[in-house]
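Novice: no sequence for this one, just the structure:
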């Protein structure tokens, strides 16, 4: 039984690809490398965070290797490109980390299963909280110019504006094209009333940007907030301690203390010698879903529809990051969102400390799905930077309930 695994094992997001592989391997090891009574053979392919290479690798896995299931995927663009190629292949595609929301919305296909997240899912929760609870009115955003940050930025804008914010000024740059962010940082206006700098990027870009943000003395002049990937380990370990207090949302937190998280995190540390990130947990969770679904179909992966149906119906309420439910229509995850603060542990190392929890957040958040999808997809120009322009998009039938983390 063959599983094709595509990820960015080299390049600016290689830390995420590495964590993906490690999380998946841990889940396989726990299952003895088998499911449905059959041995699992995983074929790993590096797409170097290049969309064309990703599609080429997918073709190789499907046409030459004859894989039964395709998984992995890191970036939003990469996922959209591979997902488009796989639409007519009837082979299940289990998306581990790629979070461009249209994979399970406007570009949805029945063979796509995403038990993980979308870029906007936690950011709407976070933006609303910053405006409503922190009282922020204006945010200056610097982001990587591709689909995932567009989606995290779109979710942030909707939540922030709905919570009472007035503006999210957006500046975009191509990811992985420079290590010198001094000119972008120097252009941040300090005299126009912005409450915080929202860095909307990750990986090597985030490490370089945040180091220079601190070196140029900005951390004391404008608070720093990030998207879910900005402060993820192991990149967080390479960032200066001065960023303690910086805020971000995610579906994991480093100090989760549930039995499920503790068991997973301890096993991961024993195997690899360091703490897991969200990328590792998402991959672990996704591989567990794959293995459970193969067991459910008694190893008969030739019946693609039955396998996809088993994946969509899989019980993953025991997930380490908290209870996860799959939407039967969109094959997307409903789950907890945690608002986190970068903190120092007893040794001085940085970690993501949970502050608040919002339960049962779907990919549509608090919005009506039809109204949500009738709006233009998130891009580097949409939604508008001006909250007054968002209009009906901000209508929500309910609001989030913020519970103290750990309660």
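Specialist: That came through, no problem. This is a predicted model, so every value here is computed, not measured.

Novice: what's the closest non-adjacent residue to residue 315?
Specialist: On the basis of CB to CB, 6 or more residues apart in numbering, the spatially nearest residue to residue 315 that is not a chain neighbour turns out to be residue 292, at 7.8 Å. From N, CA and C alone the C-beta is placed, and that goes for glycine too.

Novice: what about the one you found, which helix or strand?
Specialist: helix 278-296 (DSSP states H and E).

Novice: so what's the gap between that helix and the chain middle?
Specialist: Computed by CA atoms, centre = their mean, to the nearest Å, the separation of helix 278-296 from the middle of its chain amounts to 16 Å.

Novice: helices or strands up against it?
Specialist: For helix 278-296, the helices and strands in contact under the criterion 3 or more CB pairs under 8 Å, 6 or more residues apart in numbering; DSSP states H and E are helix 14-30, strand 34-35, strand 69-72, strand 93-95, helix 259-272, helix 304-312.

Novice: apply 6 Å and report the result again.
Specialist: Using 3 or more CB pairs under 6 Å, 6 or more residues apart in numbering; DSSP states H and E, the elements in contact with helix 278-296 are helix 14-30, strand 34-35, helix 304-312.

Novice: tell me if residue 399 really is in a strand.
Specialist: No. Residue 399: not assigned to a strand; according to DSSP: H, G, I helix; E, B strand; the rest coil it is coil.

Novice: check the gap between the residue lying closest to it once chain neighbours are set aside and residue 231 for me.
Specialist: Across the structure, with CB to CB, 6+ apart as the measure, the residue nearest residue 399 apart from its sequence neighbours is residue 366 (6.1 Å). As for residue 366, its distance to residue 231 is 25 Å (criterion: CB to CB, to the nearest Å).

Novice: between those two, which is the more surrounded one?
Specialist: Higher neighbour count among residue 366 and residue 231: residue 231, with 28 against 20, using other CB atoms under 10 Å.

Novice: need the contact list for residue 302.
Specialist: Contacts of residue 302 were listed using CB atoms under 6 Å, 6 or more residues apart in numbering, and none were found.

Novice: and it, which of the three is it?
Specialist: At residue 302 the chain is in coil, as set by three-state DSSP.

Novice: and the angle from the helix holding residue 292 to helix 14-30?
Specialist: Using axes from the mean of the first three to the mean of the last three CA atoms, to 10 degrees, the interaxial angle of helix 278-296 with respect to helix 14-30 works out to 30 degrees.

Novice: now do helix 278-296 against helix 304-312, angle only.
Specialist: Between helix 278-296 and helix 304-312, the angle formed by their directions is 130 degrees, by the same axes, to 10 degrees.

Novice: output the contacting helices and strands for the helix or strand containing residue 82.
Specialist: With elements delineated by DSSP H and E, residue 82 resides in helix 76-86, which encompasses its position. Packed against helix 76-86 by the contact rule (3+ CB pairs under 6 Å, 6+ apart) you find helix 51-59, helix 147-162.

Novice: out of the ones you listed, which gets nearest to residue 126?
Specialist: Smallest distance to residue 126 across the helices and strands packed on helix 76-86 (CB to CB): 6.5 Å, for helix 147-162.

Novice: any buried residues in that closest one, and which?
Specialist: Along helix 147-162, these residues count as buried under the neighbour rule (16 or more other CB atoms under 10 Å): 147-162.
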